[in-house]
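[1] make a model of this:
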Amino acid sequence: MATAGRGSQVGRNDPCPCGSGKKYKSCCLKKQQGQGPRQATAAPPFDHAAIMQQAVAFHERGQVDRARPLYEQVLQHRPREANALLGLGQIKGQIGDLEDGISLHRQAIAIRPKVALYHSSLADLLFHDNQPDEAMRSAKRAIALDASDSEAYRIMALIHERRNQIERGIAAARKAMRASPENLEATLGLARLLERTGERQEALEILQSTVDRATRPEQRYLALKQMAAVHDKLGDYEAAFDCLVRGGAEQKKTLVAKRIVRGVWSRRIHEYKEGLTAGLFEKWSGRKAVDDHPVPSFLVGFPRSGTTMTEQVMAAHPEVVTSDEQGIIAAVKDELAGLMPDEKDVPARLKRLDEDQIRRLRDRYWREAEEILGPEVRDGILVDKNPLHLIDIGLINVLFPEARVIVALRDPRDVCLSCFMQLFSLNTAMINFLTWENTARFYDEVMDLWLHLRDMLTIRFIEIRYEDSVVDLESQARRILDLLGLDWDERVLSFHEKAKQRYVSTPSFAAVTEKIYTRATNRWRNYEKHYEPVMKHLQRYVDAFGYQ
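    Numbers count the residues shown, from 1 in each chain. Below is the predicted model:
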């Protein structure tokens with residue numbers, strides 16, 4: 001964001017103050033210059049209030065591409081304009097740039113600390129940035145300033161829900177709705193909480209009303225996804241699938257979906273498949289430890305394959321520290337790119353690594369782990385859980401050949417159904433779950449890479465099937481603990497009790513606080529008629545992983 005002012009004139013390349021969306025030089029300046037031959041017309045004075053009014057109007061209509069440059073233009077001339085900082089911060093959050101969005105909100109609050117809206121808007125971004133404690137504090141500050149702040153209550157309800165404080169969540173959601181009956185996001189939150197208490201018919205009525213009243217596609221998407229889950233529990237599977245299809249179509253219309261670059265993961269998978277070789281893994285497999293860092297472990301698998309449940313089982317062991325899907329490996333890949341910016345992809349960089357560079361990358365891994373999880377991460381065995389690190393298994397094998405890996409598997413048909421039904425935050429990976437066909441195709445791409453690499457790897461790994469764990473958790477838990485070199489501890493069998501005390505950021509936050517159950521197996525049979533067009537992507541893995 002530029003903050004250096006340029007006097008009171010609008011620059012030729014700035015957005016035109018009239019709000020047309022064109023540059024000033026090709027809009028009003030051009031018109032002014034055309035009033036007479038060689039007539040020099042001074043630029044109009046900078047009208048801060050008018051431009052802010054235009055920015056807010058565009059923002060309220062959801063036209064953030066037009067609102068953003070106007071906010072930025074205001075801030076070029078008036079860097080301490082708090083409402084412009086807030087508006088730009090909200091747009092940053094909408095397009096997924098949470099770090100900048102949070103920073104802009106904090107700047108606005110430093111200037112005007114007693115505006116409740118600033119604090120509740122910050123709470124929203126903090127919640128989505130997996131900072132629940134900070135989000136709760138910001139929401140409470142908003143309510144202290146304005147007891148009718150509906151958004152603050154809504155964020156509190158979301159945090160209570162993630163902490164499995166259901167009654168508190170319902171109370172907060174009802175306060176949000178009383179403060180603002182038109183707050184559709186609060187309505188959706190209440191419906192979700194009611195569904196969890198078994199009040200499904202009331203939840204369905206609330207959701208249908210939300211779909212009917214919603215003015216934005218993201219609102220309809222959220223309501224339709226939740227309606228699908230309720231219909232599923234009520235046994236109306238055709239209505240559920242119809243809601244899923246309609247919901248995905250609505251999500252495609254959102255600004256976030258339109259901004260996401262497609263095919264990122266497909267290209268990455270192709271690079272790994274083409275560039276990794278058995279010789280590369282063997283080159284580093286026999287080397288002695290190059291540092292005194294602990295040995296990490298990794299929990300990977302396709303999303304919705306039981307990774308969160310498996311993580312919570314391990315987290316119940318007193319000698320295990322788990323990561324809850326933090327971006328530790330992402331930091332290592334950034335470091336690797338910095339070492340070899342001239343190489344086009346990760347496999348090419350891995351082939352050029354030397355001992356000193358590997359030591360540097362391992363150091364970065366543990367610095368990042370300590371920064372995110374605290375110094376206690378070294379006190380036990382770290383289980384770095386992130387499902388799609390399955391794609392990065394080759395990188396992990398080269399850098400940490402002494403590590404241990406748990407690969408979570410589940411019936412491909414149930415996995416794909418669960419991914420299609422799940423409310424994911426959109427990113428370059430989750431964009432694949434907006435249609436049924438793309439969901440199955442993405443599963444095919446990821447698991448094809450796993451089968452391609454599985455026999456090449458030198459790292460120690462085991463595959464854990466979700467269906468085996470829910471039938472006989474103890475035997476699977478013993479396999480995992482044996483792999484990690486840990487003694488048996490009975491507390492892993494009551495993992496759900498400890499999970500109730502933790503903040504779980506993944507979509508499975510509710511399920512992992514229950515005793516283990518088998519109702520999530522073979523769900524695909526309720527939707528069997530819809531599998532015919534996608535089995536070309538799935539049959540190979542049904543066979544390879546032993547499913548019938």
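
[2] how many neighbours does residue 217 have?
    Residue 217 has 18 neighbours, counted by other CB atoms under 10 Å. Every C-beta, even on glycine, is put in place using the N, C-alpha and C of the backbone.

[3] then residue 291?
    A count of nearby residues for residue 291, using other CB under 10 Å, gives 11.

[4] so it sits against residue 359, correct?
    Yes. If you go by CB atoms under 8 Å, residue 291 and residue 359 touch, sitting 5.7 Å apart.

[5] phi first, then psi, for the closest residue to residue 319 other than its chain neighbours.
    Leaving aside its chain neighbours, residue 319 sits nearest to residue 380 (4.4 Å; criterion: CB to CB, 6 or more residues apart in numbering). Per-residue torsions, residue 380: phi -140, psi -160 (degrees, to the nearest 10).

[6] residue 380 touches residue 314, doesn't it?
    No. Using CB under 8 Å, residue 380 makes no contact with residue 314, being 10.3 Å away.

[7] overlap in contacts, the two.
    Counting by CB atoms under 8 Å, 6 or more residues apart in numbering, the shared contacts of residue 380 and residue 314 are residue 320.

[8] compare the two (neighbour count), which wins?
    Set residue 380 next to residue 314 and count neighbours by other CB under 10 Å: residue 314 wins out with 25 against 16.

[9] so what secondary structure elements neighbour the helix or strand hosting the more buried one?
    Here residue 314, judged by DSSP states H and E, is contained in helix 307-315. Packing partners of helix 307-315 (3 or more CB pairs under 8 Å, 6 or more residues apart in numbering; DSSP states H and E): strand 297-301, strand 320-322, strand 381-385, strand 404-409, helix 466-471, helix 473-484, helix 495-499.

[10] sorry, back to before: could you measure from the residue nearest to residue 319 over to residue 387?
    Look at residue 380 and residue 387: by CB to CB, to the nearest Å, they are 22 Å apart.

[11] picking up where we left off before, starting at the chain centroid, how far to the helix holding residue 314?
    The chain centre lies 19 Å from the centre of helix 307-315; the measure is CA atoms, centre = their mean, to the nearest Å.

[12] just stretch 113-127 next, same as before
    21 Å.

[13] buried residues in it, which are they?
    Residues 115-127 are the ones in stretch 113-127 that count as buried (16 or more other CB atoms under 10 Å).

[14] next one: stretch 422-440
    So stretch 422-440, judged by 16+ other CB under 10 Å, has buried residues 422-424, 426, 429-436, 438-440.

[15] tally of neighbours for the closest residue to residue 86 other than its chain neighbours?
    Among residues not flanking residue 86 along the chain, residue 108 sits closest, at 4.6 Å (CB to CB, 6+ apart). Residues lying near residue 108 (other CB under 10 Å) number 26.

[16] where's residue 108, which helix or strand?
    helix 98-111.

[17] so what does that helix touch, helix or strand wise?
    Packed against helix 98-111 by the contact rule (3+ CB pairs under 8 Å, 6+ apart) you find helix 82-94, helix 116-128.

[18] quick one: the last one to helix 98-111, angle?
    In other words, helix 116-128. 150 degrees (axes from the mean of the first three to the mean of the last three CA atoms, to 10 degrees).

[19] where along the stretch 151-300 of the chain do the helices fall?
    In the stretch 151-300 of the chain, the helices defined using DSSP state H, counting those that start in this stretch lie at 166-179, 184-196, 200-213, 217-234, 237-252, 255-259, 264-275, 278-285.

[20] need the helices for the stretch 351-500 of the chain, in chain order.
    Taking DSSP H, counting those that start in this stretch, the helices of the stretch 351-500 of the chain run over residues 355-373, 393-399, 412-421, 436-454, 466-471, 473-484, 495-499.

[21] who wins for proximity to residue 335 among these?
    helix 355-373 (4.4 Å; CB to CB).

[22] who touches the closest one?
    So helix 355-373 is contacted by 284, 287, 290-291, 293-294, 296, 321, 323, 326-329, 331-332, 335-336, 339, 353, 377-378, 382, 384, 398-400 (CB under 8 Å, 6+ apart).

[23] ok, of those, which come out buried?
    Buried residues within the contacts of helix 355-373, counting neighbours by 16+ other CB under 10 Å: 284, 296, 321, 323, 326, 328-329, 331-332, 335-336, 353, 377, 382, 384, 398-400.

[24] how near is residue 328 to residue 392?
    11 Å.

[25] same check on residue 365?
    Residue 365 sits 12 Å away from residue 392, taking CB to CB as the criterion.

[26] overlap in contacts, these two.
    Residues touching both residue 365 and residue 392 (CB under 8 Å, 6+ apart): residue 329.

[27] residue 420 reaches residue 247, doesn't it?
    No. Applying CB under 8 Å, one finds residue 420 not in contact with residue 247, separated by 9.5 Å.

[28] contact partners of the helix or strand harbouring residue 57?
    Assigned by DSSP H and E, residue 57 belongs to helix 48-60. With contacts defined as CB under 8 Å, 6+ apart, helix 48-60 is touched by 17, 19, 64, 66-67, 70-71, 73-74, 77-78, 81, 83-84, 87, 90-91.

[29] stretch 431-441 too?
    244-245, 248-249, 251-252, 257, 260, 262, 265, 416, 419-420, 422, 424, 442, 530, 533-534, 537-538.

[30] mark which of those are buried, thanks.
    Buried by 16+ other CB under 10 Å: 244, 248, 251, 257, 260, 265, 416, 419-420, 422, 424, 442, 530, 534, 537-538, out of the contacts of stretch 431-441.
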